[in-house]
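Chemist: pasting a predicted model and its sequence here:
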Amino acid sequence: MAEPEATVSEITAASNTEMLSFNVGDAIYAIEIKYIKEIIEVEQITLVPKIPGHIKGVINLRGKVVPVISIRKRFEIEEIPYDSRTCIIVLEFEDGEQVGIIVDRVQEVVDVKSSDISQTPDSKNVNANRYIKSIVHFENNVILLIDGNKLINDDRGGSL
């Protein structure tokens, strides 16, 4: 229980935090801008045998092989066909590892005050999604802030 408080404290330590917001279904999610490498159109994804179901495969991004995760599958939301607004957000972590996440559509970069970020409720019924780091209240919207490290490392005990 102390761990989520530490995570929220890290985010709120700065007076403002920039996040990229995006939609998956009707929900608005965000990820801290420090993890965003680039946003690209969905391109040819190469299937890789015997990988977890939420990993769609890999793409070749300027000579680098980048695994791609379906946020819908990861969150156990029904998949829908891609359209012109579906895109891949390429994340880059401190160790240089890159991972793409497929989202329905990117919204905007939001500059959130620390006072607008709150810890997720303790109730397992409300926050059964372990990939949500905190809840952001921004312009009459509730945005679910994703924990990028848990999203890619959770069930493997390491990287993809």
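Modeler: Arrived safely.

Chemist: tell me which residues of stretch 31-47 are tucked away?
Modeler: If you call a residue buried by 16 or more other CB atoms under 10 Å, then stretch 31-47 has these buried ones: 31-32, 35-36, 42, 45. (Each C-beta comes from the backbone N, C-alpha and C, glycine too.)

Chemist: between the two ends of it, how far is it?
Modeler: 26 Å (CA to CA, to the nearest Å).

Chemist: repeat for stretch 45-62
Modeler: End-to-end distance (CA to CA), stretch 45-62: 14 Å.

Chemist: run the chain-centre distance for it.
Modeler: Distance, stretch centre to chain centre, for stretch 45-62: 17 Å (CA atoms, centre = their mean, to the nearest Å).

Chemist: not counting that stretch itself, show me its contacts.
Modeler: For stretch 45-62, the surrounding residues in contact (CB atoms under 8 Å, 6 or more residues apart in numbering) are 40, 43-44, 65-70, 73-74, 88, 90, 98, 100, 102, 155-156, 160.

Chemist: and the next element down the chain from the lowest-mean-pLDDT helix or strand in the chain?
Modeler: None of the helices or strands of the chain scores lower by mean pLDDT, DSSP states H and E than helix 2-12, at a mean of 44. Helices and strands here follow DSSP states H and E; after helix 2-12, the next one along the chain is strand 16-24.

Chemist: residues touching the closest residue to E38 other than its chain neighbours, list them.
Modeler: Nearest residue to E38, sequence neighbours excluded (CB to CB, 6 or more residues apart in numbering): V90, at 4.9 Å. By CB under 8 Å, 6+ apart, the contact list for V90 reads 36-40, 61, 66, 98-100.
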